[in-house]
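1. Sequence isn't available, so here's the structure alone:
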(Lines give C-alpha, C1' and ligand atoms only; values in the text may rest on other atoms or scores of the structure.)
Protein backbone atom coordinates (compact mmCIF):
# COMPACT_ATOMS: atom_id res chain seq x y z
CA UNK A 1 0.00 0.00 0.00
CA UNK A 2 2.76 2.39 0.93
CA UNK A 3 5.12 1.31 -1.86
CA UNK A 4 5.45 4.11 -4.38
CA UNK A 5 4.36 3.07 -7.88
CA UNK A 6 6.99 5.03 -9.73
CA UNK A 7 7.66 4.41 -13.40
CA UNK A 8 10.69 6.70 -13.49
CA UNK A 9 13.61 7.75 -11.34
CA UNK A 10 12.74 10.81 -9.27
CA UNK A 11 13.78 14.15 -10.64
CA UNK A 12 15.42 17.02 -8.79
CA UNK A 13 14.64 20.55 -9.89
CA UNK A 14 16.14 23.90 -8.95
CA UNK A 15 14.70 27.30 -9.69
CA UNK A 16 17.40 29.94 -9.32
CA UNK A 17 17.96 33.67 -9.79
CA UNK A 18 14.17 33.93 -9.74
CA UNK A 19 12.86 37.45 -10.15
CA UNK A 20 9.28 38.71 -10.09
CA UNK A 21 8.07 42.26 -10.68
CA UNK A 22 4.39 42.95 -10.33
CA UNK A 23 2.87 46.34 -11.07
CA UNK A 24 6.27 48.03 -10.78
CA UNK A 25 7.04 46.45 -7.40
CA UNK A 26 9.89 43.98 -7.07
CA UNK A 27 8.33 41.03 -5.20
CA UNK A 28 11.57 39.07 -5.13
CA UNK A 29 14.86 38.79 -6.94
CA UNK A 30 17.74 36.34 -6.92
CA UNK A 31 15.63 33.76 -5.14
CA UNK A 32 16.60 30.09 -5.13
CA UNK A 33 14.43 27.07 -4.40
CA UNK A 34 15.72 23.55 -4.57
CA UNK A 35 13.41 20.57 -4.94
CA UNK A 36 15.45 17.46 -4.06
CA UNK A 37 14.58 14.23 -5.87
CA UNK A 38 11.93 12.06 -4.25
CA UNK A 39 11.22 14.50 -1.42
CA UNK A 40 8.23 16.66 -0.60
CA UNK A 41 9.15 20.34 -0.32
CA UNK A 42 6.63 22.68 1.26
CA UNK A 43 6.63 26.39 0.58
CA UNK A 44 4.99 28.54 3.24
CA UNK A 45 4.37 32.24 3.25
CA UNK A 46 1.77 34.95 3.57
CA UNK A 47 -0.57 35.77 0.69
CA UNK A 48 0.91 37.87 -2.11
CA UNK A 49 4.51 36.91 -1.40
CA UNK A 50 4.83 35.24 -4.81
CA UNK A 51 4.92 31.57 -3.85
CA UNK A 52 2.09 30.60 -6.20
CA UNK A 53 3.92 32.39 -9.03
CA UNK A 54 7.02 30.28 -8.36
CA UNK A 55 4.85 27.17 -8.64
CA UNK A 56 3.19 28.43 -11.81
CA UNK A 57 6.59 29.09 -13.41
CA UNK A 58 7.54 25.48 -12.72
CA UNK A 59 4.16 24.35 -14.09
CA UNK A 60 4.73 26.30 -17.30
CA UNK A 61 1.66 28.41 -16.57
CA UNK A 62 3.56 31.66 -15.97
CA UNK A 63 6.31 33.13 -18.09
CA UNK A 64 9.53 33.32 -16.00
CA UNK A 65 10.95 36.83 -15.75
CA UNK A 66 14.63 37.04 -16.76
CA UNK A 67 17.07 36.04 -15.34
CA UNK A 68 14.97 33.28 -13.71
CA UNK A 69 16.28 29.81 -14.49
CA UNK A 70 14.72 26.38 -14.03
CA UNK A 71 17.29 23.60 -14.01
CA UNK A 72 16.65 19.86 -13.82
CA UNK A 73 19.27 17.31 -12.80
CA UNK A 74 18.94 15.45 -16.11
CA UNK A 75 19.25 18.67 -18.12
CA UNK A 76 15.98 18.18 -20.02
CA UNK A 77 13.20 20.80 -19.88
CA UNK A 78 10.35 20.36 -17.43
CA UNK A 79 7.55 20.74 -19.98
CA UNK A 80 5.35 17.66 -20.11
CA UNK A 81 6.88 16.21 -16.96
CA UNK A 82 4.69 17.77 -14.28
CA UNK A 83 1.35 17.02 -12.68
CA UNK A 84 -0.62 19.93 -11.24
CA UNK A 85 -3.17 20.03 -8.46
CA UNK A 86 -4.92 23.27 -7.50
CA UNK A 87 -6.97 24.54 -4.58
CA UNK A 88 -10.18 23.85 -6.51
CA UNK A 89 -10.71 20.24 -7.53
CA UNK A 90 -11.21 21.33 -11.19
CA UNK A 91 -13.30 18.24 -11.91
CA UNK A 92 -15.35 18.49 -15.09
CA UNK A 93 -19.01 18.18 -14.03
CA UNK A 94 -20.11 16.45 -17.24
CA UNK A 95 -17.62 13.58 -16.86
CA UNK A 96 -17.89 10.66 -14.46
CA UNK A 97 -15.38 10.28 -11.65
CA UNK A 98 -13.51 7.63 -13.67
CA UNK A 99 -13.39 9.80 -16.82
CA UNK A 100 -12.16 12.73 -14.74
CA UNK A 101 -9.26 10.62 -13.48
CA UNK A 102 -8.52 9.69 -17.12
CA UNK A 103 -8.80 13.31 -18.34
CA UNK A 104 -5.09 13.60 -19.26
CA UNK A 105 -5.35 10.69 -21.72
CA UNK A 106 -8.46 12.16 -23.30
CA UNK A 107 -6.81 15.57 -23.72
CA UNK A 108 -3.77 13.98 -25.33
CA UNK A 109 -6.03 12.16 -27.82
CA UNK A 110 -5.12 8.80 -26.37
CA UNK A 111 -7.99 6.41 -25.93
CA UNK A 112 -7.47 4.89 -22.48
CA UNK A 113 -7.03 1.13 -22.90
CA UNK A 114 -8.17 -1.47 -20.37
CA UNK A 115 -4.83 -1.27 -18.55
CA UNK A 116 -5.19 2.51 -18.04
CA UNK A 117 -8.80 2.14 -16.90
CA UNK A 118 -7.72 -0.55 -14.45
CA UNK A 119 -4.98 1.75 -13.16
CA UNK A 120 -7.49 4.57 -12.69
CA UNK A 121 -9.78 2.23 -10.76
CA UNK A 122 -6.88 1.14 -8.56
CA UNK A 123 -6.01 4.78 -7.83
CA UNK A 124 -9.61 5.58 -6.93
CA UNK A 125 -9.56 2.59 -4.62
CA UNK A 126 -6.33 3.90 -3.12
CA UNK A 127 -7.83 7.31 -2.32
CA UNK A 128 -10.85 5.56 -0.79
CA UNK A 129 -13.39 6.01 -3.57
CA UNK A 130 -13.87 2.45 -4.83
CA UNK A 131 -17.38 1.98 -6.19
CA UNK A 132 -17.86 5.66 -7.06
CA UNK A 133 -16.34 5.43 -10.56
CA UNK A 134 -19.59 6.07 -12.42
CA UNK A 135 -20.85 8.90 -10.22
CA UNK A 136 -20.71 12.48 -11.38
CA UNK A 137 -18.71 15.02 -9.33
CA UNK A 138 -21.90 16.75 -8.17
CA UNK A 139 -22.79 13.61 -6.19
CA UNK A 140 -19.57 13.84 -4.12
CA UNK A 141 -18.64 15.87 -1.06
CA UNK A 142 -15.87 18.48 -1.18
CA UNK A 143 -13.38 16.08 0.40
CA UNK A 144 -14.29 13.27 -1.99
CA UNK A 145 -13.96 15.60 -4.96
CA UNK A 146 -10.48 16.59 -3.86
CA UNK A 147 -9.65 12.87 -3.51
CA UNK A 148 -10.65 12.41 -7.16
CA UNK A 149 -8.39 15.34 -8.03
CA UNK A 150 -5.56 13.60 -6.16
CA UNK A 151 -6.22 10.38 -8.09
CA UNK A 152 -6.19 12.38 -11.35
CA UNK A 153 -2.84 13.94 -10.36
CA UNK A 154 -1.37 10.51 -9.56
CA UNK A 155 -2.78 9.09 -12.82
CA UNK A 156 -0.62 11.58 -14.72
CA UNK A 157 2.36 9.72 -13.18
CA UNK A 158 4.80 12.58 -13.73
CA UNK A 159 8.23 13.00 -12.06
CA UNK A 160 7.30 16.37 -10.51
CA UNK A 161 4.03 17.00 -8.68
CA UNK A 162 3.04 20.64 -8.08
CA UNK A 163 0.32 21.33 -5.53
CA UNK A 164 -1.08 24.80 -4.89
CA UNK A 165 -2.87 24.84 -1.53
CA UNK A 166 -4.61 21.59 -2.45
CA UNK A 167 -6.54 21.17 0.79
CA UNK A 168 -7.20 24.72 1.93
CA UNK A 169 -10.87 24.70 0.86
CA UNK A 170 -11.68 21.70 3.08
CA UNK A 171 -12.85 21.52 6.68
CA UNK A 172 -10.28 20.66 9.36
CA UNK A 173 -11.06 16.95 9.81
CA UNK A 174 -11.37 16.23 6.07
CA UNK A 175 -8.13 18.09 5.54
CA UNK A 176 -6.27 15.93 8.10
CA UNK A 177 -7.54 12.72 6.44
CA UNK A 178 -6.59 13.90 2.97
CA UNK A 179 -3.14 14.91 4.13
CA UNK A 180 -2.61 11.30 5.22
CA UNK A 181 -3.79 9.91 1.89
CA UNK A 182 -1.65 12.42 0.00
CA UNK A 183 1.47 11.66 2.05
CA UNK A 184 1.02 7.92 1.49
CA UNK A 185 0.33 8.14 -2.24
CA UNK A 186 2.96 10.76 -3.06
CA UNK A 187 5.78 9.03 -1.19
CA UNK A 188 8.93 8.75 -3.30
CA UNK A 189 7.98 11.50 -5.74
CA UNK A 190 9.41 14.98 -6.10
CA UNK A 191 6.67 17.25 -4.81
CA UNK A 192 6.33 21.00 -4.35
CA UNK A 193 3.41 22.01 -2.18
CA UNK A 194 2.49 25.63 -1.60
CA UNK A 195 0.47 26.13 1.56
CA UNK A 196 -0.66 28.67 4.16
CA UNK A 197 -0.94 26.09 6.87
CA UNK A 198 2.18 25.36 8.99
CA UNK A 199 0.56 22.25 10.45
CA UNK A 200 -0.10 20.83 7.00
CA UNK A 201 3.49 21.47 5.92
CA UNK A 202 4.79 19.81 9.08
CA UNK A 203 2.58 16.75 8.65
CA UNK A 204 3.57 15.86 5.09
CA UNK A 205 6.68 17.88 4.18
CA UNK A 206 10.26 16.59 4.18
CA UNK A 207 11.69 20.06 3.73
CA UNK A 208 9.93 23.29 4.66
CA UNK A 209 10.78 26.75 3.41
CA UNK A 210 9.23 29.98 4.65
CA UNK A 211 9.11 32.83 2.16
CA UNK A 212 8.56 36.28 3.69
CA UNK A 213 9.26 39.96 3.25
CA UNK A 214 9.24 42.41 0.36
CA UNK A 215 11.32 41.76 -1.59
CA UNK A 216 10.85 38.21 -0.33
CA UNK A 217 13.63 35.99 0.83
CA UNK A 218 13.64 32.20 0.97
CA UNK A 219 14.18 30.96 4.51
CA UNK A 220 16.53 28.04 5.25
CA UNK A 221 15.05 24.55 4.96
CA UNK A 222 13.47 23.13 8.08
CA UNK A 223 13.62 19.33 8.07
CA UNK A 224 11.33 17.78 10.66
CA UNK A 225 12.29 14.30 11.81
CA UNK A 226 10.24 11.13 11.38
CA UNK A 227 8.29 9.56 8.56
CA UNK A 228 5.27 11.28 6.99
CA UNK A 229 2.37 11.64 7.64
CA UNK A 230 3.34 12.86 11.09
CA UNK A 231 0.84 12.71 13.91
CA UNK A 232 -0.96 15.94 14.80
CA UNK A 233 -0.13 15.52 18.51
CA UNK A 234 3.57 14.82 17.94
CA UNK A 235 5.29 17.17 20.47
CA UNK A 236 8.18 17.73 18.06
CA UNK A 237 5.71 18.83 15.42
CA UNK A 238 4.02 21.25 17.78
CA UNK A 239 7.35 22.82 18.70
CA UNK A 240 8.18 23.25 15.02
CA UNK A 241 4.76 24.77 14.43
CA UNK A 242 5.52 27.51 16.95
CA UNK A 243 8.85 28.13 15.21
CA UNK A 244 7.19 28.31 11.77
CA UNK A 245 4.51 30.70 13.00
CA UNK A 246 7.24 32.91 14.40
CA UNK A 247 9.09 32.92 11.04
CA UNK A 248 5.86 33.62 9.16
CA UNK A 249 5.06 36.57 11.39
CA UNK A 250 8.46 38.18 10.84
CA UNK B 1 -50.83 17.57 -12.37
CA UNK B 2 -51.18 20.76 -10.34
CA UNK B 3 -49.16 22.65 -12.95
CA UNK B 4 -51.62 21.46 -15.61
CA UNK B 5 -54.56 22.59 -13.48
CA UNK B 6 -52.95 26.01 -13.05
CA UNK B 7 -52.43 26.28 -16.81
CA UNK B 8 -56.09 25.39 -17.46
CA UNK B 9 -57.29 27.95 -14.91
CA UNK B 10 -55.07 30.67 -16.41
CA UNK B 11 -56.35 29.84 -19.88
CA UNK B 12 -59.98 29.93 -18.76
CA UNK B 13 -59.54 33.30 -17.08
CA UNK B 14 -57.95 34.71 -20.26
CA UNK B 15 -60.72 33.35 -22.48
CA UNK B 16 -63.40 34.66 -20.08
CA UNK B 17 -61.71 38.09 -20.10
CA UNK B 18 -61.69 38.04 -23.90
CA UNK B 19 -65.38 37.16 -24.04
CA UNK B 20 -66.16 39.84 -21.42
CA UNK B 21 -64.35 42.42 -23.57
CA UNK B 22 -66.42 41.42 -26.60
CA UNK B 23 -69.67 41.78 -24.61
CA UNK B 24 -68.66 45.00 -22.87
CA UNK B 25 -67.51 46.85 -26.03
CA UNK B 26 -70.15 45.36 -28.31
CA UNK B 27 -67.63 45.39 -31.17
CA UNK B 28 -68.87 43.67 -34.33
CA UNK B 29 -67.57 40.25 -35.25
CA UNK B 30 -65.47 41.59 -38.12
CA UNK B 31 -63.48 43.78 -35.71
CA UNK B 32 -63.19 41.60 -32.60
CA UNK B 33 -64.58 38.07 -32.80
CA UNK B 34 -65.32 36.24 -29.53
CA UNK B 35 -63.54 33.04 -28.54
CA UNK B 36 -66.46 30.94 -29.71
CA UNK B 37 -66.39 32.49 -33.15
CA UNK B 38 -62.67 31.87 -33.41
CA UNK B 39 -63.08 28.27 -32.28
CA UNK B 40 -65.75 27.83 -34.91
CA UNK B 41 -63.53 29.37 -37.59
CA UNK B 42 -60.72 27.09 -36.51
CA UNK B 43 -62.91 24.05 -36.92
CA UNK B 44 -64.48 25.19 -40.21
CA UNK B 45 -61.16 26.18 -41.75
CA UNK B 46 -59.11 23.32 -40.28
CA UNK B 47 -57.88 21.96 -43.66
CA UNK B 48 -56.83 25.43 -44.80
CA UNK B 49 -55.05 26.16 -41.50
CA UNK B 50 -53.36 22.79 -41.71
CA UNK B 51 -51.98 23.34 -45.22
CA UNK B 52 -50.67 26.82 -44.43
CA UNK B 53 -49.55 25.79 -40.96
CA UNK B 54 -47.42 22.99 -42.39
CA UNK B 55 -45.66 25.43 -44.72
CA UNK B 56 -44.84 27.76 -41.85
CA UNK B 57 -43.84 24.90 -39.55
CA UNK B 58 -41.44 23.55 -42.18
CA UNK B 59 -39.90 27.02 -42.62
CA UNK B 60 -39.50 27.41 -38.85
CA UNK B 61 -37.93 23.99 -38.30
CA UNK B 62 -35.57 24.10 -41.29
CA UNK B 63 -34.62 27.68 -40.37
CA UNK B 64 -34.01 26.68 -36.76
CA UNK B 65 -31.79 23.71 -37.62
CA UNK B 66 -29.84 25.65 -40.27
CA UNK B 67 -29.55 28.78 -38.11
CA UNK B 68 -28.36 26.86 -35.04
CA UNK B 69 -25.87 24.86 -37.11
CA UNK B 70 -24.47 27.99 -38.80
CA UNK B 71 -24.35 29.90 -35.52
CA UNK B 72 -22.65 27.00 -33.73
CA UNK B 73 -19.99 26.60 -36.42
CA UNK B 74 -19.34 30.37 -36.51
CA UNK B 75 -18.91 30.54 -32.74
CA UNK B 76 -16.47 27.61 -32.77
CA UNK B 77 -14.43 29.23 -35.56
CA UNK B 78 -14.43 32.57 -33.75
CA UNK B 79 -13.28 30.92 -30.52
CA UNK B 80 -10.63 28.78 -32.17
CA UNK B 81 -8.98 31.22 -34.58
CA UNK B 82 -7.76 34.66 -33.64
CA UNK B 83 -7.79 35.72 -37.28
CA UNK B 84 -11.47 34.81 -37.53
CA UNK B 85 -12.17 36.85 -34.40
CA UNK B 86 -10.32 39.89 -35.71
CA UNK B 87 -11.97 39.93 -39.12
CA UNK B 88 -15.43 38.56 -38.49
CA UNK B 89 -16.36 39.93 -35.06
CA UNK B 90 -16.86 43.57 -36.25
CA UNK B 91 -18.75 42.28 -39.30
CA UNK B 92 -21.01 40.22 -37.07
CA UNK B 93 -21.78 43.20 -34.84
CA UNK B 94 -22.40 45.58 -37.73
CA UNK B 95 -24.66 43.05 -39.43
CA UNK B 96 -26.81 43.05 -36.29
CA UNK B 97 -27.19 46.83 -36.47
CA UNK B 98 -29.11 46.43 -39.74
CA UNK B 99 -32.74 45.58 -38.95
CA UNK B 100 -33.29 42.14 -40.43
CA UNK B 101 -36.87 43.06 -41.33
CA UNK B 102 -35.58 45.69 -43.73
CA UNK B 103 -33.84 42.91 -45.62
CA UNK B 104 -37.01 40.84 -46.05
CA UNK B 105 -38.12 42.47 -49.34
CA UNK B 106 -34.61 41.97 -50.74
CA UNK B 107 -34.58 38.33 -49.74
CA UNK B 108 -37.90 37.80 -51.49
CA UNK B 109 -36.54 39.55 -54.55
CA UNK B 110 -33.41 37.40 -54.59
CA UNK B 111 -34.72 34.07 -53.43
CA UNK B 112 -38.27 34.19 -54.74
CA UNK B 113 -41.72 33.82 -53.27
CA UNK B 114 -41.13 30.23 -52.18
CA UNK B 115 -39.98 28.76 -48.89
CA UNK B 116 -36.29 29.55 -49.39
CA UNK B 117 -36.63 33.29 -48.71
CA UNK B 118 -38.57 32.56 -45.47
CA UNK B 119 -36.03 30.03 -44.30
CA UNK B 120 -33.28 32.56 -45.01
CA UNK B 121 -35.22 35.12 -42.97
CA UNK B 122 -35.57 32.70 -40.04
CA UNK B 123 -31.87 31.82 -40.28
CA UNK B 124 -30.97 35.52 -40.15
CA UNK B 125 -32.89 36.15 -36.93
CA UNK B 126 -31.64 32.91 -35.32
CA UNK B 127 -28.00 33.16 -36.31
CA UNK B 128 -26.97 36.05 -34.06
CA UNK B 129 -28.40 34.91 -30.69
CA UNK B 130 -26.95 31.41 -31.18
CA UNK B 131 -23.52 32.67 -32.27
CA UNK B 132 -23.15 35.19 -29.45
CA UNK B 133 -24.48 32.79 -26.79
CA UNK B 134 -22.08 30.00 -27.74
CA UNK B 135 -19.14 32.33 -28.34
CA UNK B 136 -19.70 33.97 -24.95
CA UNK B 137 -19.86 30.55 -23.32
CA UNK B 138 -16.65 29.48 -25.05
CA UNK B 139 -14.86 32.58 -23.79
CA UNK B 140 -15.94 32.10 -20.19
CA UNK B 141 -14.26 28.79 -19.47
CA UNK B 142 -13.05 28.44 -15.88
CA UNK B 143 -9.36 29.52 -16.08
CA UNK B 144 -8.51 26.71 -13.62
CA UNK B 145 -9.65 24.11 -16.15
CA UNK B 146 -7.53 25.73 -18.84
CA UNK B 147 -4.49 25.72 -16.52
CA UNK B 148 -5.04 22.06 -15.75
CA UNK B 149 -5.39 21.20 -19.44
CA UNK B 150 -2.18 23.07 -20.27
CA UNK B 151 -0.23 21.15 -17.62
CA UNK B 152 -1.61 17.98 -19.26
CA UNK B 153 -0.07 18.91 -22.64
CA UNK B 154 -3.43 19.38 -24.34
CA UNK B 155 -3.53 20.92 -27.81
CA UNK B 156 -5.76 23.99 -28.35
CA UNK B 157 -8.11 21.83 -30.43
CA UNK B 158 -8.37 19.22 -27.66
CA UNK B 159 -9.04 21.95 -25.08
CA UNK B 160 -11.76 23.42 -27.28
CA UNK B 161 -13.38 20.08 -27.94
CA UNK B 162 -13.08 18.41 -24.53
CA UNK B 163 -13.33 21.36 -22.12
CA UNK B 164 -14.45 24.66 -23.61
CA UNK B 165 -17.27 23.27 -25.75
CA UNK B 166 -18.92 21.09 -23.08
CA UNK B 167 -18.52 23.93 -20.58
CA UNK B 168 -20.23 26.31 -23.01
CA UNK B 169 -23.20 24.04 -23.71
CA UNK B 170 -25.49 25.60 -21.08
CA UNK B 171 -24.91 29.02 -22.69
CA UNK B 172 -25.42 27.48 -26.14
CA UNK B 173 -28.76 26.02 -25.12
CA UNK B 174 -29.95 29.39 -23.78
CA UNK B 175 -29.15 30.73 -27.24
CA UNK B 176 -31.15 27.93 -28.85
CA UNK B 177 -34.09 28.69 -26.55
CA UNK B 178 -34.06 32.31 -27.72
CA UNK B 179 -33.73 31.07 -31.30
CA UNK B 180 -36.78 28.84 -30.89
CA UNK B 181 -38.74 31.83 -29.64
CA UNK B 182 -37.77 34.14 -32.53
CA UNK B 183 -37.81 31.61 -35.39
CA UNK B 184 -41.60 31.87 -35.96
CA UNK B 185 -41.28 35.66 -36.14
CA UNK B 186 -38.67 35.38 -38.88
CA UNK B 187 -40.76 32.97 -40.93
CA UNK B 188 -43.98 35.01 -40.63
CA UNK B 189 -42.28 38.32 -41.50
CA UNK B 190 -40.91 36.64 -44.60
CA UNK B 191 -44.40 35.48 -45.50
CA UNK B 192 -45.87 38.93 -44.98
CA UNK B 193 -43.47 40.50 -47.44
CA UNK B 194 -44.32 38.12 -50.24
CA UNK B 195 -45.58 34.58 -50.40
CA UNK B 196 -48.29 32.35 -51.73
CA UNK B 197 -48.73 30.09 -48.72
CA UNK B 198 -48.04 29.92 -44.97
CA UNK B 199 -49.79 31.30 -41.90
CA UNK B 200 -48.43 34.80 -42.53
CA UNK B 201 -49.91 34.76 -46.01
CA UNK B 202 -53.21 33.46 -44.59
CA UNK B 203 -53.27 36.26 -41.99
CA UNK B 204 -52.78 39.01 -44.60
CA UNK B 205 -55.36 37.42 -46.85
CA UNK B 206 -57.94 37.03 -44.05
CA UNK B 207 -57.27 40.57 -42.86
CA UNK B 208 -57.89 42.03 -46.29
CA UNK B 209 -61.17 40.16 -46.56
CA UNK B 210 -62.29 41.11 -43.03
CA UNK B 211 -62.21 37.44 -41.95
CA UNK B 212 -60.93 38.44 -38.55
CA UNK B 213 -61.99 35.15 -36.97
CA UNK B 214 -59.72 33.30 -39.43
CA UNK B 215 -56.91 35.76 -38.69
CA UNK B 216 -57.26 35.01 -34.98
CA UNK B 217 -57.33 31.28 -35.68
CA UNK B 218 -54.07 31.58 -37.67
CA UNK B 219 -52.47 33.57 -34.84
CA UNK B 220 -53.53 30.89 -32.37
CA UNK B 221 -52.04 28.11 -34.48
CA UNK B 222 -48.78 30.08 -34.75
CA UNK B 223 -48.81 30.61 -30.97
CA UNK B 224 -49.33 26.90 -30.47
CA UNK B 225 -46.31 26.17 -32.70
CA UNK B 226 -44.16 28.65 -30.79
CA UNK B 227 -45.08 27.28 -27.37
CA UNK B 228 -44.64 23.65 -28.45
CA UNK B 229 -41.31 24.43 -30.08
CA UNK B 230 -40.05 26.22 -26.98
CA UNK B 231 -41.16 23.37 -24.71
CA UNK B 232 -39.50 20.82 -27.00
CA UNK B 233 -36.22 22.74 -27.09
CA UNK B 234 -36.33 23.20 -23.32
CA UNK B 235 -36.88 19.45 -22.79
CA UNK B 236 -34.05 18.70 -25.21
CA UNK B 237 -31.74 21.11 -23.36
CA UNK B 238 -32.46 19.41 -20.05
CA UNK B 239 -31.78 16.01 -21.55
CA UNK B 240 -28.53 17.24 -23.09
CA UNK B 241 -27.27 18.72 -19.81
CA UNK B 242 -28.08 16.25 -17.04
CA UNK B 243 -25.02 17.45 -15.11
CA UNK B 244 -26.21 21.05 -15.10
CA UNK B 245 -28.08 21.68 -11.84
CA UNK B 246 -31.26 23.69 -12.04
CA UNK B 247 -30.46 26.68 -9.89
CA UNK B 248 -34.11 27.66 -9.85
CA UNK B 249 -35.01 27.41 -6.15
CA UNK B 250 -37.01 24.36 -5.10
CA UNK B 251 -39.94 26.47 -3.88
CA UNK B 252 -40.77 27.13 -7.52
CA UNK B 253 -41.57 23.50 -8.22
CA UNK B 254 -43.46 22.93 -4.97
CA UNK B 255 -46.99 24.25 -4.49
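-> Received it, and whenever you're ready, just let me know what you need. Nothing here was measured: the structure is a model prediction, and the numbers come from that model.
2. Which residue lies nearest the spatial centre of chain A?
-> By CA atoms, centre = their mean, chain A has its centre lying nearest to residue A:163, at 2.3 Å.
3. and that residue, how far is that from residue A:85?
-> For residue A:163, the distance to residue A:85 equals 5 Å [CB to CB, to the nearest Å]. The C-beta positions use only the backbone N, C-alpha and C, and glycine is treated the same way.
4. Need the overlap of contacts for these two.
-> Taking CB atoms under 8 Å, 6 or more residues apart in numbering or on different chains as the contact rule, the neighbours common to residue A:163 and residue A:85 are residue A:153.
5. Report the spatially nearest residue to residue B:180, omitting neighbours in sequence.
-> Closest residue to residue B:180 apart from its sequence neighbours, by CB to CB, 6 or more residues apart in numbering or on different chains: residue B:233 at 4.3 Å.
6. Quick one: residues contacting the one you found.
-> Contacts of residue B:233 (CB under 8 Å, 6+ apart): B:173, B:176, B:177, B:180.
7. For the helix or strand encompassing it, list every residue counted as buried.
-> Using DSSP states H and E, residue B:233 falls within helix B:212-240. By 16 or more other CB atoms under 10 Å in any protein chain shown, the buried positions in helix B:212-240 come out as B:212-222, B:225-226, B:229-230, B:233, B:237.
8. Tell me how many other residues surround residue 34.
-> No chain was given, so I picked chain A. Using other CB atoms under 10 Å in any protein chain shown, residue A:34 has 16 other residues around it.
9. actually chain B
-> 19.
10. Same question for residue A:140.
-> Residue A:140, neighbours per other CB under 10 Å, totals 18.
11. With the one 4 residues further on instead?
-> Here the neighbour count serves as a burial measure; for residue A:144 (other CB under 10 Å) it reads 20.
12. Which pLDDT does the model give it?
-> On pLDDT, residue A:144 comes in at 89.
13. Quick check: it is in a helix.
-> Yes. Under DSSP: H, G, I helix; E, B strand; the rest coil, residue A:144 sits within a helix.
14. State the pLDDT value of the closest residue in space to it that isn't next to it in sequence.
-> Leaving aside its sequence neighbours, residue A:144 sits nearest to residue A:129 (CB to CB, 6+ apart; 6.3 Å). Residue A:129 is assigned a predicted lDDT (pLDDT) of 86.
15. pretty sure residue A:129 is in contact with residue A:148, am I right?
-> Yes. Using CB atoms under 8 Å, residue A:129 is in contact with residue A:148, at 6.5 Å.
16. Name the residues contacting each of those two.
-> Joint contacts of residue A:129 and residue A:148 (CB under 8 Å, 6+ apart) are residue A:97.
17. who has more neighbours, these two?
-> Ranked by neighbour count (other CB under 10 Å), residue A:129 and residue A:148 place residue A:148 first, with 26 against 22.
18. thought the more buried one was touching residue A:140?
-> Yes. With contact defined as CB under 8 Å, residue A:148 counts as touching residue A:140 (6.9 Å).
19. Show me the helices in the stretch 101-250 of chain B, by range?
-> Secondary structure of the stretch 101-250 of chain B (DSSP state H, counting those that start in this stretch): helices located at B:115-139, B:143-151, B:156-159, B:165-193, B:199-208, B:212-240.
20. Could you count how many residues lie near residue A:146?
-> Residues near residue A:146, counting by other CB under 10 Å: 27.
21. That one contacts residue A:171, correct?
-> No. Judged on CB under 8 Å, residue A:146 makes no contact with residue A:171 at a distance of 11.2 Å.
22. In contact with residue A:104, which residues?
-> Counting by CB under 8 Å, 6+ apart, residue A:104 has contacts A:152, A:155, A:156, B:152, B:153.
23. Return the member of the residues you listed nearest to residue B:186.
-> Nearest to residue B:186 among the contacts of residue A:104: residue B:152, at 43.1 Å, using CB to CB.
24. now the helices of the stretch 101-250 of chain B as a markdown table including mean pLDDT?
-> Compiled in a markdown table, the helices of the stretch 101-250 of chain B are given as follows (pLDDT from 0 to 100):
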| stretch | mean pLDDT |
| --- | --- |
| helix B:115-139 | 91 |
| helix B:143-151 | 92 |
| helix B:156-159 | 90 |
| helix B:165-193 | 91 |
| helix B:199-208 | 91 |
| helix B:212-240 | 91 |
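25. Show me what from chain B comes close to chain A.
-> Counting by CB under 8 Å from any CB of the partner chain, the residues of chain B lying close to chain A are B:142, B:144-145, B:147-155, B:158-159, B:162-163, B:166-167, B:169, B:241, B:243-245.
26. Put the buried members of the residues you listed into a ChimeraX selection.
-> Selecting the buried subset of the residues of chain B next to chain A in ChimeraX, with 16+ other CB under 10 Å as the burial test, is done by:
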select /B:145,147,148,149,150,151,152,153,154,158,159,162,163,166,167,169,241,243
